[in-house]
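S.K.: Here is my input; please provide its structure:
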Amino acid sequence: MDDASLISRSIADGRSFESLFDRHYPAVRRFLAVQAGAHTADDLASETFTVAFRRRGSYDLSRPNAAPWLYGIALNLLRRHRRTEASRQHVYMQVAAGLAGRDEVSAEGFDANGRVSLALGGLRERDRELIVLYAWAELTYEELAAVLDLPIGTVRSRLSRVRAQLREHLDAPEITHDRARVRPRRVRRHPGAG
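M.R.: Predicted coordinates for the structure are as follows:
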């Protein structure tokens with residue numbers, strides 16, 4: 001049975017769509033993994049088939065192979081994901097600048113390699129929201145407490161913990177090949193040696 005027949009049948013019986021999923025999911029996921037990495041590919045591939053299932057009624061049944069249609073959906077989702085990631089990285093860099101302005105991180109701490117972006121990305125979502133509101137929106141403790149519906153003491157302690165985590169991450173030395181080189185031994189001079 002070709003893809004068009006499966007899609008046509010799935011309009012009356014949604015379970016028929018499972019066969020289309022089984023047939024195309026591995027290839028769509030591989031395509032996305034090459035483009036965005038394995039973890040993101042899992043989410044985007046699942047979303048691809050969710051969108052396809054919702055739109056199956058508009059599929060052109062004169063096309064027996066649904067692969068181009070599925071790849072088109074996957075590509076659109078991938079583009080949207082990249083725009084979202086680019087926007088997030090932009091916000092992270094603005095947060096980095098805000099933190100530097102508040103003397104939270106040194107100028108060396110937020111470099112072109114995006115160490116602050118990586119540090120922010122590694123935080124739990126609620127902690128990231130807190131530090132973004134603090135550094136980028138420049139909210140006071142009282143305003144943060146109101147926005148997040150938290151006691152001010154919780155805001156203070158959580159913000160202190162998050163700032164310490166960021167500093168720890170930014171102060172950690174980067175491992176580079178240059179630092180891995182063996183240092184030359186010091187030559188001890190004997191007293192009286194010229």
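S.K.: switch to C-alpha atoms for all contacts and neighbour counts from now on
M.R.: Fine.
S.K.: quick one, domains of the protein?
M.R.: Domain ranges of the chain: 3-81, 102-174, per automatic domain parsing.
S.K.: Packing partners of the helix or strand hosting residue 30?
M.R.: Per DSSP states H and E, residue 30 falls inside helix 17-36. Applying 3 or more CA pairs under 8 Å, 6 or more residues apart in numbering; DSSP states H and E, one finds that helix 17-36 contacts helix 3-12, helix 38-55, helix 67-101.
S.K.: Comparing the domains of the chain by mean pLDDT, which bottoms out?
M.R.: Of all the domains of the chain, domain 102-174 carries the lowest average pLDDT, namely a mean of 75.
S.K.: from the middle of its chain, how far away would that one be?
M.R.: 17 Å (CA atoms, centre = their mean, to the nearest Å).
S.K.: With stretch 81-91 instead?
M.R.: Offset of stretch 81-91 from its chain centre (CA atoms, centre = their mean): 8 Å.
S.K.: CA atoms only: put that stretch into PDB for me.
M.R.: Output of stretch 81-91 as PDB, limited to C-alpha atoms (Å, rounded to 0.1, in the frame of the first residue of the first chain):
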ATOM      1  CA  HIS A  81      13.900  25.700  15.900                       C
ATOM      2  CA  ARG A  82      17.000  27.500  14.500                       C
ATOM      3  CA  ARG A  83      15.300  30.900  14.700                       C
ATOM      4  CA  THR A  84      14.200  30.200  18.200                       C
ATOM      5  CA  GLU A  85      17.800  29.100  19.200                       C
ATOM      6  CA  ALA A  86      19.300  32.200  17.500                       C
ATOM      7  CA  SER A  87      16.900  34.400  19.400                       C
ATOM      8  CA  ARG A  88      17.700  32.600  22.600                       C
ATOM      9  CA  GLN A  89      21.400  33.000  22.100                       C
ATOM     10  CA  HIS A  90      20.900  36.700  21.400                       C
ATOM     11  CA  VAL A  91      19.000  37.100  24.600                       C
END
